[in-house]
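Okay, predicted coordinates and the sequence, questions at the end:
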Amino acid sequence: MQKPIGPDHIYELSADTQPSMSPDGALVAYVRSQIDRESMTVLSWIMLASDPEGETRVFTHGRADSEPRFSPDGKWLAFVRKDSAARKQLWVMPVDGGEARQLTCVPGGAGDYAWSPDSGRIAYISDVKPSEQSEDVRVARRIRYRIDGKGWRGDAFYHLFVADVESGKSRQITDGDADCANPVWSPEGDRIAFISDRSEARDRSWFAEVYVVSADGGEAVDWSQGVHCYSQGSLGGAIAWSPDGKRLAVAGTDIDDLGDPRQGWLFVVEPGQPPVRLTDGAYTPVLPAPDLKWTVEGDVVFLGEHRGEGFLCRVPAAGGPLTVVAGGGAEWTALSLDATASSAVCVVVTPQSSGALCHVDLSSGRASMFADDNAGYFANHAVATMEKFTIHRDGVEIESRLLLPPEMQPHKKYPVVVDIHGGPHGRFRDAFDGVHQVLAAAGYIVLAVNPRGSSSYGPDFARAVLREWGGEDYLDIMAALDELCTRDYVDTDRLGVHGYSYGGFMGSWIIGHDTRFAAAVVGAPCINLVSMYGTSDIGVSFGEPHWGGTSVDAALLVEHSPLTYADNVETPVLLLHGEDDVRCPIGQSEEYLVALKRLGKEVEMVRFPGGSHGFVKSGPPKMREEYLVRTLAWFDDHLEEGG
């Protein structure tokens, strides 16, 4: 008999990620990671597969190795490993055997790197801190003085460096008050394209632009021509040079109020010419994108997402219809291609499995899975059944995913938990979701709606939520729930709601406007948009286009803040929040706790010390487990049958 999936699944499942295909397509390097229960740390090392049906072996033996990338000549594999001071550094290792050699030893660490075409140099990004920065006090001179997950930034910036592979010597080739990311070498190896937020608007916008600089350093030239990328680290964007080195393919946006990397387009840009859109927004480029390739045949190959499903796509750089090569019915991430773009490897996550590697032949579209290290776990554990249904509101189609408990009995009534994704430009996918699986295994139906504002349903759908949080998005979710509640197997007296980040906003908004919910779990919410505007690391850059106001002109922010409606809440609330979250600062939960307590409501707050906004996915293992345990326990206590 199969076992249920519980909160402890995080210890049982490994993850195979960050694939890199060798230039000839014969080898695939990738990262395998797993939690070590004894030390309660995540261990990661590099694996090497000879081909989808061939030998797979451990290639490195570090405890925190990541980001493998083959050199263009196929002789070397570079990767990232932490040094004794826990700083990431670049290492190189011969593919045919031999010892790994540390390439960089820079104070700001090294990452986000790219090999030169001749395999002799590596461009990378490193943190550069001002020499006069005091260790005793912190001085903020700009709005963006800290970043969630990275902490205090002050006057520090990420800059572009080039290392010589033979000598190990590095030199800095960009400077100034700007962060740099995503370096890509030109085909001739004389220039490097990169993404940087070096415009005068960087403090009030999270847009960034594409620049090109000589590989020897010098003035960086803006190639963007009105196309924006994003100053969001690994989600910054993607760039690929044309084979002749005269143009760039760029994943980004040219709409000023749609500043989210999860809904964008592919463009071709070149100096002195207007940008050309290659895609219509229906298939949004998946970011982060380790590999975006412009082929010698004139196509751009990329991963796109459409209606929560991932696809490997190609589109002519000269313009023309997009072709889907493979995909659908799953989440596709982490594309890597061989030198000729004839073979690809991706990470594919299905609703029934937490992910495996997939090899794709681009000429035939044939896809074959390999390196599925978790097959044994899923053979012994029951997975929720996923269904989809759609409704129409005011002429707009709204898609929902429904997770049903394993071995569901047709004549029994089940409680429902409405889950709400973050963003608001996130989306629920055809993919394994730990929260959904744990709840479904415990006997809950999980309703996961992609309301207006969700990405991968087109730019107009995504923009519909701007300056209107708690409007049509809220009504879409409630209409989907109303449709579900007409089904005989739903116990309408046992309804719960869960959400994190924007999902936490919507969860608290829902219980301030609807009293039928018996339990709410609200993670890292946006509760008071007025205070969040001045305390979040993206309060200005994100808040102004989304909320439509500032803390000086706050009427709209007050109207759309869940705190305004706290007196209406009758639902017992569990607040879960990381103490080091600067994206949705913990003061948001503190304000809600005090307001609800003062009003005599049932509320409890759990604080996670050291937790950033992303701790539920990448934080300490015990905290990730505790989030799931407490979520499940709150619903069990308040949605108990007959309770």
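Looks like it arrived, so ask away.

what about dumping the CA coordinates of stretch 48-65 to PDB?
Extracted in PDB, the C-alpha atoms of stretch 48-65 (Å, rounded to 0.1, in the frame of the first residue of the first chain):
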ATOM      1  CA  LEU A  48      27.900  13.600 -15.200                       C
ATOM      2  CA  ALA A  49      25.700  11.600 -17.600                       C
ATOM      3  CA  SER A  50      27.200  10.200 -20.800                       C
ATOM      4  CA  ASP A  51      23.800  10.300 -22.600                       C
ATOM      5  CA  PRO A  52      20.100   9.700 -21.600                       C
ATOM      6  CA  GLU A  53      20.500   5.900 -21.600                       C
ATOM      7  CA  GLY A  54      24.200   5.800 -20.600                       C
ATOM      8  CA  GLU A  55      26.300   5.900 -17.500                       C
ATOM      9  CA  THR A  56      25.700   8.500 -14.700                       C
ATOM     10  CA  ARG A  57      28.400   9.100 -12.200                       C
ATOM     11  CA  VAL A  58      29.400  11.600  -9.400                       C
ATOM     12  CA  PHE A  59      31.800  14.100 -10.900                       C
ATOM     13  CA  THR A  60      32.700  16.300  -7.900                       C
ATOM     14  CA  HIS A  61      32.700  15.600  -4.300                       C
ATOM     15  CA  GLY A  62      32.200  18.900  -2.700                       C
ATOM     16  CA  ARG A  63      29.400  19.700  -0.200                       C
ATOM     17  CA  ALA A  64      28.100  22.800  -2.000                       C
ATOM     18  CA  ASP A  65      29.000  22.500  -5.700                       C
END
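
what residues does that stretch touch?
26-31, 41-47, 68, 77, 79-82, 93, 100, 357, 359, 368-371 (Cβ atoms under 8 Å, 6 or more residues apart in numbering). All C-beta spots, glycine's among them, are computed from the backbone N, C-alpha and C.

Emit the ChimeraX select command for whichever of those are buried.
Selecting only the buried entries of the contacts of stretch 48-65 in ChimeraX, with 16 or more other Cβ atoms under 10 Å as the criterion:
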select :27,28,29,30,31,42,44,45,46,47,68,77,79,80,81,93,100,357,359,370,371
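
Which ones among the contacts of stretch 48-65 map onto strands?
28-31, 41-47, 68, 77, 79-82, 93, 357, 359, 368-370 (DSSP state E).

Check the secondary structure at the nearest residue to Ala384 once chain neighbours are set aside for me.
Nearest in space to Ala384, with sequence neighbours left out and distances taken as Cβ to Cβ, 6 or more residues apart in numbering, is Ala440 at 3.5 Å. Classification of Ala440 using DSSP: H, G, I helix; E, B strand; the rest coil returns helix.

And Ala440, how close does it get to Pro415?
11 Å (Cβ to Cβ, to the nearest Å).

So between the two, which is more surrounded?
Ala440 (27 against 24; other Cβ atoms under 10 Å).

show me the residues around the nearest residue to Asp361 once chain neighbours are set aside that make contact.
Nearest residue to Asp361, sequence neighbours excluded (Cβ to Cβ, 6+ apart): Ser343, at 6.2 Å. By Cβ under 8 Å, 6+ apart, the contact list for Ser343 reads Met21, Gly25, Leu337, His359, Val360, Asp361, Leu362.

isn't the fifth one right up against Val347?
This points to Val360. No - assessed by Cβ atoms under 8 Å, Val360 is found out of contact with Val347, at 11.9 Å.

Output the contacting helices and strands for the longest helix belonging to the chain.
Assignment by DSSP state H gives helix 621-638 as the longest helix of the chain. Packing partners of helix 621-638 (3 or more Cβ pairs under 8 Å, 6 or more residues apart in numbering; DSSP states H and E): helix 9-12, helix 434-441, strand 490-500, strand 519-523, strand 573-578, strand 603-608, helix 615-618.
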